[in-house]
Structure formats: C-alpha cells, structure tokens
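Student: structure for the following, please:
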Amino acid sequence: MVKNKRGQVWIETVVYTLIAFTLIGIVIGVAKPRIEKVQDKALIEQSLAMLKDIDSIISSVKGTPGNQRIIEAFIKKGNLIIDGEKDIILFEIDSKIEYSQAGQSIEKDGWITLTEIKGENNIVTISRNYSGIYNLQYQDGDKEKIISKATTPYKIEISNRRIQEDNKVLINIDIK
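Tutor: Below is the predicted model:
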C-alpha cells in the first residue's frame, strides 16, 4: 500500500509539471508576438527621432560653408540609407507591425512613411527627399551608403561644403 502512494505522488508530480510547462508555453506563444510588435514600434519611433535629428543638423549647417556637426546614431535594427545620387535619406526596417496603412504613403513633417507587406512581416520605410533644396553627398560623391545595425553608435559627420551655382547647398555626410 505504501509503494502505491509513492508511485502515485511521482505520477502526480510529473503530470502537474507537464501541465505547468504546457501553460507556460501557451502564454509565451501568445505574448511573444505582441512583445515583438511593441518593440518594433518603439524602434521605429526611435529611428524617426534619429532621422529628425539628422534633418535638424542638415538645416543648422546650411547657412555657412565649412560648417559641420557630428551626431551619434544608434541603429538597433534596420538600415539607414544615404543616397547621394537621388538626394534621399531613408530608414528601412523589417517589422512585425504595420506602421502605416499598407501600400499607401503618408507624409508628416516632410517625412514619408510607407509600409509594404512582405510575407508575415512588413517593410517599413521612412524617407525624405532633399533634391529640391540640397545636393546630398556621401564622402564627397554622389554615392549610396547603407548603414546597418551595430552594437555601438555611428558617428555621422554632416557638413556644408558650399553653395552651388543652382543655389543648392552641397551637404556632405560621412561616417566616422
């Protein structure tokens, strides 16, 4: 009789442990996608703030040739793209959320946000076109530079090279 009670206790312990692990697995399975969406939204908001800071520095150096500023940019996820040929700065991130309505561009404060559905994820792009105002360059040339995520912040130097004949300010961007 004593042996049966010991065996029953062990069986109950194993069954309760399996039930607990199952419940924990279900909770994690439901909570993890929501947590990832909240994290992605926060990263997009931080990236938008970084882009606005870059824009602010570009505006502050435009007045005087030779003027330059350095900003630290921390990219946790996604890519910052400086396109000197098209005079565009954009940030692109593979996200779990639809930051804006899919397939439709939304303009706010000069920044255009576009969400494109790609499988289970979305590609969120935030961009600004400077072609009418500035001639953007990367390392003194009309080049494209893709800045990817990193564990340390990038030091981005933004400088006013000169005012061109077409009254556009030549803004050079360099990574230090």
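Student: so Ile147 touches Asp83, yeah?
Tutor: No - using Cβ atoms under 8 Å, Ile147 makes no contact with Asp83, being 11.8 Å away. (Each C-beta comes from the backbone N, C-alpha and C, glycine too.)
Student: please identify the helix or strand for Asn145.
Tutor: No Asn there; residue 145 is Lys. strand 144-148 (DSSP states H and E).
Student: can you give me the buried ones in that strand?
Tutor: Ile147 (16 or more other Cβ atoms under 10 Å).
Student: stretch 52-68 too?
Tutor: Ile54, Asp55, Ile57, Ile58, Val61.
Student: distance of the first one from Glu72?
Tutor: Here the distance between Ile54 and Glu72 works out to 11 Å (Cβ to Cβ, to the nearest Å).
Student: now do the shared contacts for the two.
Tutor: Ile156 (Cβ atoms under 8 Å, 6 or more residues apart in numbering).
Student: neighbours around the residue lying closest to Gly66 once chain neighbours are set aside, how many?
Tutor: Of all residues not flanking Gly66 in the chain, Asn160 sits nearest, at 6.6 Å (Cβ to Cβ, 6 or more residues apart in numbering). Applying other Cβ atoms under 10 Å, we find 21 residues neighbouring Asn160.
Student: again with Asp142
Tutor: Neighbours of Asp142 (other Cβ under 10 Å): 13.
Student: surely it touches Glu85?
Tutor: Yes - between Asp142 and Glu85 a contact is recorded at 4.6 Å, counting by Cβ under 8 Å.
Student: tell me the one among the buried residues of stretch 52-68 nearest to Asn67.
Tutor: Nearest to Asn67, judged by Cβ to Cβ, of those is Val61 at 4.3 Å.
Student: and the closest one, how far is that from Asp87?
Tutor: 15 Å.
Student: and if you look at Asn122?
Tutor: 26 Å.
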